[in-house]
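Trainee: sequence and predicted structure are below.
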Amino acid sequence: MAEEANSGAPQQPVQPTMRILGQYIRDMSFENILVQKGATGEVQPELKVEVALDAKKRQADNQYEVLSKFKVVSTNKGTGTELFILELDYAGLFHVENVPEDQLHPFLLIECPRQLFPFVRRIVSDVTRDGGFPPVNLDNVDFVALYRQEISRRQQAQGEGAKTN
């Protein structure tokens, strides 16, 4: 009877699994330029946020290190002078299984950073507050759009490289 059940029913596809094994700040820098220059007066901060992603396979099976790099620059809207610069490299070590090889790259650069982002947001908020500014609460990052932009940029770079050869 067990054989009939196995042969008659279609097998369910195996679901991808992901576990965060650890996460850490790889590098962080906060420069309070406003205080260094001794500037005073009315300040109207304007933020610019840059995000870069990278993923590397570890030596252990199914383990990957995913790195999110955030650069937050605050300038004074009126004068354009920099108020502060925060650079944060935040990494996570992930155990990933049952992801098809052709889907692994987008999975690592979309789903894994999405899991790390709440921790990055908290660190950025705390550091900017402790640095003497109103806490910066980063807007959600569209990691799908970021991934597509990076793929498009790489394709354009390859196309330009082929033209110069």
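Mentor: Alright, I've got the coordinates. Residues are numbered from 1 along each chain as shown.

Trainee: poorly predicted segments of the protein, please.
Mentor: In the prediction, the chain carries residues with pLDDT under 70 at positions 1-11, 38-41, 161-165.

Trainee: any chance you could map the helices in it?
Mentor: Remark: helices of the chain, listed N- to C-terminal, are 2-8, 33-37, 101-106, 112-130, 143-164; assignment by DSSP state H.

Trainee: show me what the residue nearest the centre of the chain is bridged to.
Mentor: Closest residue to the average C-alpha location of the chain: Ser68 at 3.4 Å, with C-alpha atoms, centre = their mean. On the basis of DSSP bridges, Ser68 takes part in beta bridges with Leu53, Tyr90.

Trainee: does it touch Pro113 like I think?
Mentor: Yes: the pair formed by Ser68 and Pro113 meets the contact definition of C-beta atoms under 8 Å, at 5.0 Å. All C-beta spots, glycine's among them, are computed from the backbone N, C-alpha and C.

Trainee: pull up the overlap in contacts between the two.
Mentor: Taking C-beta atoms under 8 Å, 6 or more residues apart in numbering as the contact definition, Ser68 and Pro113 share the neighbouring residues Leu53.

Trainee: so what's Glu46 up against?
Mentor: Glu46 is in contact with 74-77, counting by C-beta under 8 Å, 6+ apart.

Trainee: ugh, typo on my part, it should be Val127
Mentor: 28, 30, 86, 88 are the contacts of Val127 under C-beta under 8 Å, 6+ apart.

Trainee: any idea which of the residues you listed is closest to Gln15?
Mentor: Of all the contacts of Val127, the one sitting nearest Gln15 is Leu88; the distance, using C-beta to C-beta, is 32.0 Å.

Trainee: burial count for the closest one?
Mentor: Leu88: 19 surrounding residues under other C-beta atoms under 10 Å.

Trainee: what of Val96?
Mentor: A count of neighbours around Val96, defined by other C-beta under 10 Å, yields 20.
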